[in-house]
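[1] Provided below for reference: sequence and predicted model.
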Amino acid sequence: KQELLDDHAPLEWLAMFASTQHQKLKFSLSMHPLASQDMLSSLVRDEDEAVRSSVAANPAASQALLEALAFDSSPEVRFAVAMHPASSESLLLALGADKAVGVQVAVAWNQSATKQVLDALAKRKKSDAMKEAMANHPNTSPGVLHGLLREASGAGGWRYRSIRVLIAGNPSATPQMLESLIDDWSWEVRLALAANPSASADLLQRLAADEDPSVRARVAASDRVDVIVLDALAVDAKAEVRRAVGRNPKVSVATLEALAKDRNADVRFAVTCNPSTPQALAETLLQLSSRDGHPDARREAARRSILRTTPGSTLADRLALRIAEMVKQAVQHCRIVVSGEHVGLDGMVAPSEFPKAFEWMGLVPDDSRKSLDRACKSKDWLTRLAVVLHPKVSEAQRLLLASDSDPAVAAAARLATSGVQAQSVS
């Protein structure tokens, strides 16, 4: 029964166990992303605080349920409500005055907290954890950030390096705050500064001369850095900096051609993967990387092969067509070819064999639930696409990926979801 209530469980199974008195089953039901409001409501007064906490943390919990749990006797339950992204401003204001400090801190970490909520928290006595949460929040007002920065930079400021790191990376920090941190003794502060989307081109140019190579590499990876700065960093003594330049789509073709001859294999491979690299040069570099046994060469070759097989105006169009074919079990095939590999996937690959192809590419190591959950959070868009196509992907995982930051993955998930729904209706 416990196994029946995983993320793959259909709604009718959930309804069957809605009135269960078995504690483990109730816990599974309380955290299930597809549980109905009626099911969750029946668990709001459960004697087990772990069950109530799971209801409060459930993405499907309604505002009414969150309000019912906001004044629960258990601080763990109130903590879960304070962290819930759907908690209203009035609810967060009330929880910001909670007697449990941990609940107050949870409110400050909630990305849905408004400026009004954070201003109210700033008037209270702040623990170090609260200061860090407020230094990180994009809705914290410049006045509050300035006060935190002044305290973190004053006497004993060495204790508050983490606060300076968070303010340095906060897009709401003013240019004056960012300017004051450019000579900070901590390289981590300067690294966060280089990654801040509000950092000006002038600030990045000055950070390009930083003594720490990781800071220079982060500048080289920025989409706001000037091309002139990238040209200068292309001859940096450290390979990690040159590699970051090689991956930046803003870099000039002349610089890419120079980096294609770099002595470091990872730098050359970075040029291979850069969308601004001329196709002929990229193909030549990929062949050389495959011959030299570069660990990522096979994946890059497979990615390029997939994108070449179906014409379309955009990457999202091509992949959307590909997924539509798979869902509808169309007869059209795709080609996944990697030179030198013979594992039954060379030549024509049917849509039904996509999961096998992705596993062969090393994107999804196995079909366990934990593996798929990890793959859902991968930084690699192809890995997340592999989850969408996986035969054991849950509806909850597919729904999550339907709002993926990558338009191709999101389109694929939406098409796969609609295809499954259409099949179930028919």
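    All right, it came through fine.
[2] Look up the pLDDT of residue 304 for me, please.
    Here the pLDDT value assigned to residue 304 is 65.
[3] Contacts for stretch 100-120, please.
    75, 78-79, 82-87, 89, 92-93, 95-98, 121, 124, 127, 129-130, 133-134, 136-141, 144 (Cβ atoms under 8 Å, 6 or more residues apart in numbering). No exception for glycine: its C-beta is placed from N, CA and C like everyone else's.
[4] Any buried residues in that stretch, and which?
    Neighbour-count burial for stretch 100-120, counted by 16 or more other Cβ atoms under 10 Å, picks out 103-110, 112-113, 117-120.
[5] Next: stretch 379-395.
    Buried, per 16+ other Cβ under 10 Å, within stretch 379-395: 381-390, 393-395.
[6] With stretch 57-75 instead?
    57-58, 60-61, 65-66, 68-70, 72, 74-75.
[7] In helices only, show me the residues you listed.
    The helices, defined by DSSP state H, take in 57, 65-66, 68-69, 75 from the buried residues of stretch 57-75.
[8] Residue 182 sits in which helix or strand?
    Using DSSP states H and E, residue 182 falls within no helix or strand.
[9] Next, count neighbours for it.
    16 (other Cβ atoms under 10 Å).
[10] For it, give its distance to residue 215.
    10 Å (Cβ to Cβ, to the nearest Å).
[11] do the same with residue 206
    Counting by Cβ to Cβ, the gap from residue 206 to residue 215 is 11 Å.
[12] How about residue 94?
    Applying Cβ to Cβ to residue 94 and residue 215 gives a distance of 42 Å.
[13] swap in residue 267?
    For residue 267, the distance to residue 215 - Cβ to Cβ - is 18 Å.
[14] what touches both of residue 182 and residue 215?
    190, 207.
[15] mind showing which ranges of the chain have poor pLDDT?
    1-23, 155-158, 298-299, 301-367, 380-382, 407-408, 415-426 (pLDDT under 70).
[16] Where do the strands of it begin and end?
    Along the chain, counting by DSSP state E, strands occupy 334-335, 348-349.
[17] related to what we said a few turns ago, closest one of the buried residues of stretch 57-75 to residue 243?
    residue 57 (39.6 Å; Cβ to Cβ).
[18] show me what contacts the residue lying closest to the closest one once chain neighbours are set aside?
    Using Cβ to Cβ, 6 or more residues apart in numbering and skipping the chain neighbours, the partner closest in space to residue 57 is residue 80 (4.3 Å). Taking Cβ under 8 Å, 6+ apart, we find residue 80 in contact with 53-54, 56-57, 69.
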